[in-house]
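Trainee: Below: sequence and its predicted model.
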Amino acid sequence: MVIATVVTALVVGDGDNEDGIDMFDAHQGMELITFLTIGYMVARGLAKSGSREHHNS
């Protein structure tokens, strides 16, 4: 997902327009990568919290 976001941020630009407006710039790409990373960490934390083994000795 991170690689796809980086590629999209690089490819999607103002095209042939001379107005200089970038529809998906590096700042937005970095925000999205940050949100993806936070979501991944939360998901991994939830998955690990439910995977404890219970030993009944």
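Mentor: Structure's in. What do you need?
Trainee: Mind listing residues that contact the helix or strand where Ile33 lies?
Mentor: Following DSSP states H and E, one finds Ile33 within helix 26-49. The contact list for helix 26-49 (CB atoms under 8 Å, 6 or more residues apart in numbering) reads Met1, Val2, Thr5, Val6, Thr8, Ala9. C-betas here are computed from N, CA, C, even on glycine.
Trainee: name the helices or strands packed onto the helix or strand bottoming out on mean pLDDT in the chain?
Mentor: Every helix and strand of the chain was ranked by mean pLDDT, DSSP states H and E. The lowest is helix 2-11, at a mean of 82. Secondary-structure packing of helix 2-11 (3 or more CB pairs under 8 Å, 6 or more residues apart in numbering; DSSP states H and E): helix 26-49.
Trainee: Distance from the chain centre to the helix it packs on, please.
Mentor: 6 Å (CA atoms, centre = their mean, to the nearest Å).
Trainee: in it, what's buried?
Mentor: In terms of neighbour count (16 or more other CB atoms under 10 Å), helix 26-49 has its buried residues at Gly29, Leu32, Ile33.
Trainee: now it against helix 2-11, angle please.
Mentor: 170 degrees (axes from the mean of the first three to the mean of the last three CA atoms, to 10 degrees).
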